[in-house]
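A.B. asks: Okay, here's the prediction I keep looking at, along with the sequence it came from:
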Amino acid sequence: MGFPKGFLWGGATAANQYEGGYLSGGKGLAVADTITGGDGIHGIQRKIFLELPDGTKTVVGNREEVPAGAKAYVDPDVYYPSHVATDFYHHWKEDIELFAEMGFNVYRLSINWTRIYPNGDDEEPNEEGLQFYEDVFKECHKYGIEPLVTIYHFDCPLHLANEYDGWVSRHTVDAFEKYCRTIFTRYKGLVKYWLTINEININANFMMNGVHEHISNKQNAEQARWHLFVGSAKAVKIGHEVDPENYIGLMIAHGASYPYSCNPEDVMAEIENSHRRKWFYGDVQCRGYYPEYKLKEMERDGIVLKKEPGDDELLKEGVVDFYSFSYYSSSTFAAHPENIPGVEGNQERGLTNPYLSASEWGWIVDPVGLRINLNQIYDRYHLPMMVVENGLGALDTVEPDGSINDDYRIKYIHDHIVEMKKAVEIDGVDLFGYTPWGHIDIVSAGTGEMRKRYGFIYVDKDDDGNGDLHRSRKKSFYYIQKVYKSNGEDLDM
Ligand code: BGP
């Protein structure tokens with residue numbers, strides 16, 4: 001009963017939200033380094049400064065507004081949260097020691113592509129960047145912590161975005177392939193667990209992947225998606241070639257989703273949304289080909305993908321070893337949302353669910369949805385699974401004595417682990433690890449805020465960059481420690 005022996009317990013971060021040192025050690029600029037902070041509670045978007053082909057400058061807060069040919073740049077008078085972030089670059093030893101104290105046996109982190117290839121497509125890799133991660137991985141092993149490495153987490157090199165429109169171009173796939181070969185070779189024996197592309201289902205739409213207008217152009221958007229799949233399949237194939245011991249997974253933002261009612265039209269609306277938003281990405285990476293519903297959609301839209309010889313075979317050869325996903329919340333869909341009084345939301349983001357409440361940032365909290373997900377994913381693919389993100393972004397208060405009593409976060413984590421345990425014990429799904437998101441405070445990806453905190457470890461830094469970056473243990477730190485050290489047996493809050 002309970003979680004299997006050797007279950008992986010840890011936490012997860014991404015380089016662009018945590019590392020800082022944005023130009024240290026020979027690192028180049030990523031698109032993430034050109035995105036400002038926003039304000040999630042008040043709906044103020046992150047912004048990106050752009051230079052247009054005619055030399056004029058503009059600033060946009062929405063990826064749909066990025067004009068063709070625009071190039072992002074860093075404005076020296078503006079504050080950018082990723083430049084220092086919470087400075088793992090200078091605190092890694094101290095931080096890994098804290099992770100070990102919490103009882104981690106796995107730590108999910110991403111490699112910043114621009115630390116290895118500053119422009120993304122340089123002739124030679126940057127030795128200082130390679131050495132940095134080698135030191136980090138060795139430090140993890142010192143404490144019996146397995147690194148789980150995300151190869152690409154929202155950090156397209158700025159050069160590839162500005163000059164090639166990011167993933168719209170095949171050039172980015174080629175550069176990615178070289179980057180993958182470099183890191184698999186260098187870290188052979190040090191890293192066994194890998195994820196190819198973080199939240200690949202969101203990535204193709206994400207401002208950080210290319211600053212041009214591909215999102216408003218369906219053909220480009222589908223081409224970018226295709227290239228991400230080809231890139232992911234290449235990563236899997238190269239990883240297995242370099243070391244057959246490598247265990248490589250996909251990563252999908254996989255919230256639960258429900259029909260708003262038992263009206264069959266609402267049920268169908270949910271199926272269509274889930275196909276488009278989640279299953280398509282799992283189907284391609286687990287089965288190795290585009291599903292029929294996607295082929296039909298592209299046929300209707302007149303989309304013809306540009307493929308290179310061997311691409312279709314590659315997709316089959318590059319299917320993943322396991323399924324990993326982020327889980328924060330759930331969405332509800334109706335065929336005619338405009339006819340439902342008193343319900344907020346829209347067809348794309350989902351509707352208010354009357355049975356559930358939301359976080360301060362409006363994310364619906366739904367622990368049972370995690371069990372539902374684990375069942376649905378396992379039914380569909382029968383692959384081992386890992387929950388690689390989960391957590392509550394919340395405002396924390398530091399008490400006069402320095403303590404942080406984040407009982408709300410403890411409850412969130414407790415409730416989700418309880419449902420994972422049911423999925424293992426009662427439903428028999430094959431779940432082998434759990435790495436809650438942002439176990440140490442980092443910059444929010446969506447809003448660029450610091451005050452949206454997920455950590456069990458507090459970092460002294462605010463939205464304007466003030467703070468001395470010292471680390472302190474929140475109440476949740478001790479809860480996690482107890483849970484991890486008992487292999488998920490002692491869940492009492
Ligand atoms: C996922 C991303 C992470 C992350 C997390 C929380 O989408 O993979 O990078 O940050 O969500 O989101 P946010 O930071 O916007 O609260």
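C.D. replies: That came through fine.

A.B. asks: can we go C-alpha only for contacts and neighbour counts from here?
C.D. replies: Fine.

A.B. asks: Low-confidence regions, this protein specifically.
C.D. replies: Along the chain, segments meeting pLDDT under 70 span 63-64, 204-216, 346-348.

A.B. asks: what residues does it put near the ligand?
C.D. replies: Glu199, Gly393, Ser444, Ala445, Gly446, Thr447 (Cα under 6 Å from any ligand atom).

A.B. asks: Show me those that map onto helices.
C.D. replies: Judged by DSSP state H, the subset of those located in helices is empty.

A.B. asks: Go ahead and build a PyMOL selection from the buried members of these.
C.D. replies: The PyMOL selection below is limited to those of the residues of the chain next to the ligand classed as buried (16 or more other Cα atoms under 10 Å):
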select buried, resi 199+393+444+445+447
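
A.B. asks: Out of the residues of the chain next to the ligand, flag the one nearest to Met493.
C.D. replies: Distance to Met493, by Cα to Cα, is smallest for Gly393 among these, at 19.2 Å.

A.B. asks: Could you pull up phi and psi at the most centrally placed residue in the chain?
C.D. replies: Closest to where the C-alpha atoms of the chain average out (Cα atoms, centre = their mean) is Asn198, at 4.3 Å. For Asn198, the backbone dihedrals (degrees, to the nearest 10) come out as phi -60, psi 130.

A.B. asks: from what I can see it touches Val149, true?
C.D. replies: No. Applying Cα atoms under 8 Å, one finds Asn198 not in contact with Val149, separated by 10.3 Å.

A.B. asks: check contacts around the residue nearest to the centre of the chain.
C.D. replies: Thr150, Ile151, Tyr152, His153, Phe154, Leu250, Met251, Ile252 (Cα atoms under 8 Å, 6 or more residues apart in numbering).

A.B. asks: same thing with Leu130?
C.D. replies: With Cα under 8 Å, 6+ apart, Leu130 has these contacts: Arg115, Ile116, Ile183, Arg186.

A.B. asks: at 10 Å what do you get?
C.D. replies: By Cα atoms under 10 Å, 6 or more residues apart in numbering, the contact list for Leu130 reads Gly25, Ile111, Arg115, Ile116, Tyr117, Thr182, Ile183, Arg186, Tyr187.

A.B. asks: of all these, which comes closest to Glu127?
C.D. replies: Ile116 (7.4 Å).

A.B. asks: I'd say Pro157 and Ala72 touch.
C.D. replies: No. Using Cα atoms under 10 Å, Pro157 makes no contact with Ala72, being 11.2 Å away.

A.B. asks: ok, back up a step: filter the contacts of Leu130 down to the buried ones, PyMOL style.
C.D. replies: In PyMOL syntax, the buried subset of the contacts of Leu130 is picked out as below (16+ other Cα under 10 Å):
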select buried, resi 25+111+115+116+117+182+183+186
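
A.B. asks: need the contacts of Leu130 in CSV with secondary structure, can you?
C.D. replies: Below are these laid out as CSV (DSSP: H, G, I helix; E, B strand; the rest coil):
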residue, secondary structure
Gly25, helix
Ile111, coil
Arg115, helix
Ile116, helix
Tyr117, coil
Thr182, helix
Ile183, helix
Arg186, helix
Tyr187, coil
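
A.B. asks: how about the contacts of Leu130, which pair is most distant?
C.D. replies: Gly25 and Tyr187 (18.6 Å).

A.B. asks: which residues of the stretch 101-250 of the chain fall in strands?
C.D. replies: Along the stretch 101-250 of the chain, the stretches classed as strands by DSSP state E, counting those that start in this stretch are 106-110, 146-152, 193-197, 247-253.

A.B. asks: I'd like these as JSON lines, with mean neighbour count appended.
C.D. replies: Formatted as JSON lines, these follow (neighbours: other Cα atoms under 10 Å):
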{"stretch": "strand 106-110", "mean neighbour count": "25"}
{"stretch": "strand 146-152", "mean neighbour count": "24"}
{"stretch": "strand 193-197", "mean neighbour count": "24"}
{"stretch": "strand 247-253", "mean neighbour count": "24"}
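
A.B. asks: Output those in a markdown table, with distance to Val320 appended to each entry.
C.D. replies: Listed next are these as a markdown table, based on distance: least, Cα to Cα, whole Å:
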| stretch | distance to Val320 |
| --- | --- |
| strand 106-110 | 18 |
| strand 146-152 | 14 |
| strand 193-197 | 9 |
| strand 247-253 | 5 |
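
A.B. asks: Share the number of residues neighbouring Gly11, please.
C.D. replies: 26 (other Cα atoms under 10 Å).

A.B. asks: Tell me the bridge partners for it.
C.D. replies: Tyr107 (DSSP bridges).

A.B. asks: how far away is it from Ser331?
C.D. replies: Separation of Gly11 from Ser331 (Cα to Cα, to the nearest Å): 25 Å.

A.B. asks: cool, Leu109 as well?
C.D. replies: In terms of Cα to Cα, Leu109 sits 27 Å off from Ser331.

A.B. asks: and the residue found closest to Thr114 once you drop the neighbours it is linked to in the chain, what does it touch?
C.D. replies: Excluding the flanking residues, the one nearest Thr114 by Cα to Cα, 6 or more residues apart in numbering is Gly28, at 5.0 Å. Contact analysis of Gly28 by Cα under 10 Å, 6+ apart lists 22, 112-120, 126, 157-159.

A.B. asks: let's see 8 Å
C.D. replies: Gly28 neighbours (Cα under 8 Å, 6+ apart): Tyr22, Thr114, Arg115, Tyr117, Pro118, Asn119, Pro157.

A.B. asks: swap in Gly433?
C.D. replies: Phe7, Leu8, Trp9, Met385, Met386, Val387, Val388.

A.B. asks: Surely the first one touches Thr435?
C.D. replies: No. Applying Cα under 8 Å, one finds Phe7 not in contact with Thr435, separated by 10.9 Å.

A.B. asks: These two: which has the busier surroundings?
C.D. replies: Neighbour totals were compared for Phe7 and Thr435, and Thr435 leads with 24 against 17 (other Cα under 10 Å).

A.B. asks: I'd assumed Met385 was in contact with that one.
C.D. replies: No. Counting by Cα under 8 Å, Thr435 does not reach Met385; the two are 11.9 Å apart.

A.B. asks: What are the boundaries of the strands in the stretch 251-400 of the chain?
C.D. replies: Using DSSP E, counting those that start in this stretch, strands in the stretch 251-400 of the chain cover 256-259, 322-326, 330-333, 345-346, 350-351, 385-389.

A.B. asks: Need the ones you listed in CSV (columns: mean neighbour count).
C.D. replies: As requested, the strands of the stretch 251-400 of the chain are exported to CSV (neighbours: other Cα under 10 Å):
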stretch, mean neighbour count
strand 256-259, 22
strand 322-326, 24
strand 330-333, 26
strand 345-346, 15
strand 350-351, 21
strand 385-389, 24
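
A.B. asks: Same list (those strands) but as TSV, adding distance to Ile480.
C.D. replies: As requested, the strands of the stretch 251-400 of the chain are exported to TSV (distance: least, Cα to Cα, whole Å):
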stretch	distance to Ile480
strand 256-259	24
strand 322-326	19
strand 330-333	24
strand 345-346	34
strand 350-351	32
strand 385-389	15
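
A.B. asks: of these, which approaches Ser82 most closely?
C.D. replies: Here strand 385-389 is closest among these (Cα to Cα), at 19.8 Å.

A.B. asks: Just the residues contacting the closest one, thanks.
C.D. replies: By Cα under 8 Å, 6+ apart, strand 385-389 touches 11-12, 108, 322-328, 374, 378, 430-437.

A.B. asks: That strand pairs with which strands, parallel or anti?
C.D. replies: In the sheet, strand 385-389 lines up with strand 322-326 (parallel), strand 431-434 (parallel) (DSSP bridges).
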